[in-house]
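[1] quick one, what's the 3D model for this:
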Amino acid sequence: MAPKVIVVGGGWAGCAAALAARKTGCGVELFERTDMLLGTGLVGGIMRNNGRFTAAEEMIALGGGELFAITDKVSRHQNIMFPGHRHVSLYDVARAEPEVRHVLREAGITLRLQARVKDIQKERDRITAVIATSKDGDIMAEGDVFVDAAGTAGPPGNCTKYGYGCVMCIYRCPTFGPRLSIAAKAGVREIIGLKADGSIGAMSGSCKLHKDSLAPEIVKELNETGVVIVPVPPNLQKNKDSLSQKACQQYALAEFAENVILLDTGHAKLMSPYYPLDLLRQIPGFENARFEDPYAGGIGNSMRFVGMLPRNNALKVKGLNNVFCGGEKAGLLVGHTEAIITGTLAGYNAGRTALGQSALELPGSLACGDAIAFVRESMQTKQGLTQKYTFSGSVYFERMKEKHLYTTDIHEIRTRVETAGLKGVFAERI
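    Modelled structure (predicted):
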């Protein structure tokens, strides 16, 4: 009987981990507390902007490109620009989840939806089983190796303590219950991220507006071009303070305070963590604006990065012998691309470990490997905990450029992977 890997959390990282572990030859069971996969991917939509292009193409060359193929397939717009970002793809947030669910099931992964993990069983420094509550009663699932991809946002108590309360976001904690970190449940002390002012957490970086609540000319331009930039009258530019609170610091530019910037992901993605509704409705074209996610987006957004895990560069959680982590659990890496990359490495190494092989660290000659190592090192300092890291901007994108890791030359990217001896590694059955 094949060894078994259990993944907790069905966001982009958890889905990537499940696929990678399955390709090694292990049986895989994925637990997701809600009724849909992808987590923030249900309302995100931005791919391939700036250094994320490089990182995505590295992962494709490494053999872990299935999820990028899906977002490319369901993109509403490709190779567009908005302030500070080039060669952007915007995937349709309504179409991605069914495609991902189909791919996971076709791969033979057992999906446990509406199954919230609430407890674990443990022997010394190993987790042996998870216990989940579901609509059909409790489920106990034993495994050989585990991946913690439960995320770091919520529950409502954290959003109230560190933000402005539960704003009814896509996490839907009041409906499906709060996340649970299996590593933390096993005794690992979580790491808490900080805002620039030293306060705890970071706010999700954007909102969604209902297209039908916007002026027809805005909707027409948005559907045709993917981007709408509407100048905000100077007397209404009172939303600048919100930029410093964002998890997505690559969008904390003056242009995002001086303009309303919309992206077409199916919804109208408003590039601000929140926008007071009374101000928004004073801007021409937004007189009838209505938020889609979070529903209280005039007040605030979800709070994130309050539960990361200490780990090594192979993404093994420190203090546990058979647990790996991906996505936001793996540190202050922000974004879908980042989640897919860390999830893939975590799942692959979970499979290798279950099959008696040593774990893989990606080399620093690849942007993916450099980012994973750099973020781990940076988070050892208080200053590092106030930063947010992403391939698409801010601190890490500047590092990518300095180290000459950023490129849109696909041949060059593939050559780097081949030179590292890792071509197709994530696609190989062990």
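[2] from now on I want contacts and neighbour counts done on CA atoms only, so please keep to that.
    Fine.
[3] now the helix or strand hosting Arg416 - C-alpha only, PDB.
    Per DSSP states H and E: Arg416 is located in helix 410-419. Taking C-alpha atoms only, helix 410-419 is exported to PDB below (Å, rounded to 0.1, in the frame of the first residue of the first chain):
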ATOM      1  CA  ILE A 410      11.500  31.600 -21.300                       C
ATOM      2  CA  HIS A 411      14.500  29.900 -22.900                       C
ATOM      3  CA  GLU A 412      16.800  31.500 -20.400                       C
ATOM      4  CA  ILE A 413      14.500  30.400 -17.500                       C
ATOM      5  CA  ARG A 414      14.400  26.800 -18.800                       C
ATOM      6  CA  THR A 415      18.200  26.800 -19.200                       C
ATOM      7  CA  ARG A 416      18.600  27.800 -15.600                       C
ATOM      8  CA  VAL A 417      16.400  24.900 -14.500                       C
ATOM      9  CA  GLU A 418      18.300  22.500 -16.700                       C
ATOM     10  CA  THR A 419      21.700  23.800 -15.500                       C
END
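[4] which helices and strands does that helix pack with?
    helix 51-62 (3 or more Cα pairs under 8 Å, 6 or more residues apart in numbering; DSSP states H and E).
[5] what's the neighbour count on Ser358?
    13 (other Cα atoms under 10 Å).
[6] so it, which state does it fall into?
    What DSSP: H, G, I helix; E, B strand; the rest coil gives for Ser358 is coil.
[7] ok, it touching Arg352?
    Yes. Shown here, Ser358 and Arg352 form a contact pair, counting by Cα atoms under 8 Å, at 6.4 Å.
[8] distance of Ala215 relative to Glu224?
    As judged by Cα to Cα, to the nearest Å, Ala215 and Glu224 stand 15 Å apart.
[9] so for the two, which sits in the more crowded spot?
    Between Ala215 and Glu224, counting by other Cα under 10 Å, Ala215 is the more crowded of the two (15 against 12).
[10] leaving aside the residues adjacent along the chain, what's closest to that one?
    Distances taken as Cα to Cα, 6 or more residues apart in numbering place Gly285 nearest to Ala215, at 4.7 Å, with adjacent residues excluded.
[11] confidence score at that neighbour?
    On the pLDDT scale, Gly285 is placed at 97.
[12] residue contacts, it?
    Shown in contact with Gly285 (Cα atoms under 8 Å, 6 or more residues apart in numbering): Leu214, Ala215, Ile218.
[13] show me the domain layout of the protein.
    As given by automatic domain parsing, the domain ranges for the chain are 4-76+91-197+303-427, 205-293.
[14] off-centre distance for the longest one?
    Computed by Cα atoms, centre = their mean, to the nearest Å, the chain-centroid distance of domain 4-76+91-197+303-427 equals 7 Å.
[15] what about it, average pLDDT?
    Mean predicted lDDT for domain 4-76+91-197+303-427 stands at 97.
[16] in this structure, which residue sits furthest out from the middle?
    Asn235 (35.0 Å; Cα atoms, centre = their mean).
[17] so it versus Ile218, what's the distance?
    22 Å.
[18] again, but for Glu402
    Using Cα to Cα, Glu402 is found at 38 Å from Ile218.
[19] neighbour count: those two, which is higher?
    Ile218 (18 against 10).
[20] where along the stretch 301-430 of the chain do the strands fall?
    Assigned by DSSP state E, counting those that start in this stretch, the strands in the stretch 301-430 of the chain fall at 303-304, 323-325, 389-390, 393.
[21] got the contact list for the second one?
    This means strand 323-325. In contact with strand 323-325 (Cα under 8 Å, 6+ apart) are residues 126-127, 145-149, 183, 309, 311, 315-317, 342-343, 346-347, 349-350.
[22] restricted to helices, list the residues you listed.
    Among those, DSSP state H puts Ala183, Thr342, Gly343, Ala346, Gly347, Asn349, Ala350 in helices.
[23] contact partners for the closest residue to the second one other than its chain neighbours?
    Same thing as Thr342. Closest residue in space to Thr342, ignoring its immediate chain neighbours: Gly326 at 4.9 Å, by Cα to Cα, 6+ apart. Gly326 sits next to 13-14, 17, 147-149, 315, 339, 342-346 when contact means Cα under 8 Å, 6+ apart.
[24] again, only this time at 10 Å
    By Cα atoms under 10 Å, 6 or more residues apart in numbering, the contact list for Gly326 reads 7, 9, 11-14, 16-17, 147-151, 308-309, 311, 315-317, 333, 338-347.
[25] re earlier: now do the phi/psi pair for the residue farthest from the centre of the chain.
    phi -70, psi -10 (degrees, to the nearest 10).
[26] got the contact list for stretch 95-109?
    Stretch 95-109 is contacted from outside by 10-12, 15-16, 18-19, 21-23, 26-30, 36-39, 41-42, 45, 66-67, 70-75, 110-111, 266, using Cα under 10 Å, 6+ apart.
[27] for Gly300, give me its contacts.
    By Cα under 10 Å, 6+ apart, Gly300 lies in contact with 159, 163-169, 203-204, 206-207, 242, 272-276, 294.
[28] that one and Leu280: what is the separation?
    Counting by Cα to Cα - Gly300 and Leu280 are separated by 14 Å.
[29] can you check which residues contact both of the two?
    By Cα under 10 Å, 6+ apart, no residue touches both Gly300 and Leu280.
[30] show me what contacts Gly39?
    Applying Cα under 10 Å, 6+ apart, the residues near Gly39 are 9-14, 32, 97, 150-151, 170-172, 336.
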